[in-house]
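>>> Predicted model and sequence below, questions to follow.
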Amino acid sequence: MSWNDKAKTYWDNTPKEIQFKIINNMFCMCTKENTTIIDYIVFPENKHAVLRGKCIKRGNNVERMLDEPFE
(Lines give C-alpha, C1' and ligand atoms only; values in the text may rest on other atoms or scores of the structure.)
Protein backbone atom coordinates (compact mmCIF):
# COMPACT_ATOMS: atom_id res chain seq x y z
CA MET A 1 0.00 0.00 0.00
CA SER A 2 1.38 3.43 -0.95
CA TRP A 3 1.86 6.23 1.58
CA ASN A 4 -0.98 8.16 -0.10
CA ASP A 5 -3.29 5.17 0.37
CA LYS A 6 -2.22 4.81 4.01
CA ALA A 7 -2.95 8.47 4.74
CA LYS A 8 -6.36 8.26 3.06
CA THR A 9 -7.21 5.01 4.89
CA TYR A 10 -6.13 6.55 8.21
CA TRP A 11 -8.46 9.52 7.61
CA ASP A 12 -11.31 7.29 6.41
CA ASN A 13 -10.99 5.18 9.58
CA THR A 14 -11.05 8.23 11.85
CA PRO A 15 -14.46 8.36 13.56
CA LYS A 16 -16.87 10.74 11.81
CA GLU A 17 -17.37 12.86 14.93
CA ILE A 18 -13.60 13.41 15.15
CA GLN A 19 -13.44 14.24 11.43
CA PHE A 20 -16.23 16.78 11.95
CA LYS A 21 -14.33 18.45 14.81
CA ILE A 22 -11.12 18.63 12.78
CA ILE A 23 -12.80 19.94 9.62
CA ASN A 24 -14.57 22.65 11.59
CA ASN A 25 -11.61 23.62 13.77
CA MET A 26 -8.93 24.82 11.37
CA PHE A 27 -6.85 27.96 11.86
CA CYS A 28 -6.45 30.42 8.99
CA MET A 29 -3.11 32.24 9.14
CA CYS A 30 -4.44 35.08 6.95
CA THR A 31 -7.51 35.95 9.00
CA LYS A 32 -6.05 34.74 12.32
CA GLU A 33 -9.39 33.03 13.04
CA ASN A 34 -10.75 29.52 13.41
CA THR A 35 -12.46 28.33 10.25
CA THR A 36 -13.82 25.34 8.35
CA ILE A 37 -11.75 23.62 5.68
CA ILE A 38 -13.37 22.93 2.29
CA ASP A 39 -12.19 21.26 -0.92
CA TYR A 40 -9.51 19.40 1.02
CA ILE A 41 -7.26 16.54 0.08
CA VAL A 42 -5.55 14.06 2.39
CA PHE A 43 -1.88 13.29 1.84
CA PRO A 44 1.03 11.83 3.83
CA GLU A 45 3.82 13.81 5.43
CA ASN A 46 6.34 12.20 7.81
CA LYS A 47 3.94 9.29 8.54
CA HIS A 48 1.10 11.68 9.41
CA ALA A 49 -2.05 12.32 7.45
CA VAL A 50 -2.35 15.98 6.44
CA LEU A 51 -5.47 17.81 5.33
CA ARG A 52 -4.87 20.61 2.83
CA GLY A 53 -7.66 22.75 1.47
CA LYS A 54 -9.31 26.16 1.52
CA CYS A 55 -10.74 28.36 4.27
CA ILE A 56 -14.51 28.56 3.91
CA LYS A 57 -14.51 32.28 4.77
CA ARG A 58 -12.04 33.70 2.22
CA GLY A 59 -10.62 30.78 0.28
CA ASN A 60 -7.15 31.06 1.83
CA ASN A 61 -5.01 27.93 1.97
CA VAL A 62 -5.25 26.02 5.25
CA GLU A 63 -3.51 22.84 6.35
CA ARG A 64 -3.55 20.58 9.37
CA MET A 65 -1.43 17.60 10.31
CA LEU A 66 -3.28 14.95 12.28
CA ASP A 67 -1.76 14.16 15.66
CA GLU A 68 -1.31 10.41 15.46
CA PRO A 69 1.18 8.91 12.98
CA PHE A 70 0.18 5.92 10.87
CA GLU A 71 2.35 2.98 9.90
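Arrived safely, thanks for sending. Residues are numbered from 1 along each chain as shown.

>>> and the longest helix for this structure?
Criterion DSSP state H: the longest helix present in the chain is helix 3-13.

>>> what helices or strands is it leaning on?
For helix 3-13, the contact count by 3 or more Cβ pairs under 8 Å, 6 or more residues apart in numbering; DSSP states H and E identifies strand 37-45, strand 48-55 as packing neighbours. Where C-beta positions appear, they are placed from N, C-alpha and C, glycine not excepted.

>>> Could you export the ones you listed as CSV, including mean pLDDT and mean neighbour count?
Formatted as CSV, the helices and strands packed on helix 3-13 follow (pLDDT from 0 to 100; neighbours: other Cβ atoms under 10 Å):
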stretch, mean pLDDT, mean neighbour count
strand 37-45, 95, 16
strand 48-55, 95, 19
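
>>> Tell me which helix or strand comes right after the least confident helix or strand in the chain by mean pLDDT.
Lowest mean confidence among the helices and strands of the chain (mean pLDDT, DSSP states H and E): helix 3-13, at a mean of 91. Proceeding N to C from helix 3-13, the next assigned helix or strand is helix 16-23, under DSSP states H and E.
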